[in-house]
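J.: make a model of this:
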Amino acid sequence: MEKILKFASSKELGYLTSDLGKVGTGLQTHLNINLPKLKYNHEQLGSIARKHQLYIQKYDGNNPDDDEFIVYNTLTLGKSEKQLV
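T.: This next block holds a predicted model:
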């Protein structure tokens, strides 16, 4: 696509957008995962998220007792697509 269209980019920042959360690769990965041992331990879940720069939220399904969470990366700046995946 870059051969046909011009995209705003910077060697230091990657692709530039009007959304600062998507500067860089703009790649955001999502993972649905069951975490039965961590669903009641919010402190440990938060610690894991901060350590790995992830956002973890409870999956909003039909059953409030489900152990399913959605995990995704919070950083797109300074990381390559390979590093994020």
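J.: show the pLDDT at Arg50.
T.: If you check Arg50, the pLDDT there is 91.
J.: hmm, I typed the wrong one, I wanted Thr76.
T.: With respect to pLDDT, Thr76 has a value of 69.
J.: what do you get for Val23?
T.: At Val23, pLDDT is 65.
J.: use 57 as the first number for this chain going forward.
T.: Okay, using 57 as the starting number, the last item reads as Val79.
J.: bridging residues for the spatially most central residue of the chain?
T.: Centroid-nearest residue in the chain, with CA atoms, centre = their mean: Asn129, separated by 2.0 Å. Asn129 has these beta-bridge partners by DSSP bridges: Leu110.
J.: how close does it get to Lys59?
T.: Note on Asn129: its distance to Lys59, by CB to CB, to the nearest Å, is 28 Å. From N, CA and C alone the C-beta is placed, and that goes for glycine too.
J.: confirm Ile104 sits in a helix?
T.: Yes - judged by DSSP: H, G, I helix; E, B strand; the rest coil, Ile104 forms part of a helix.
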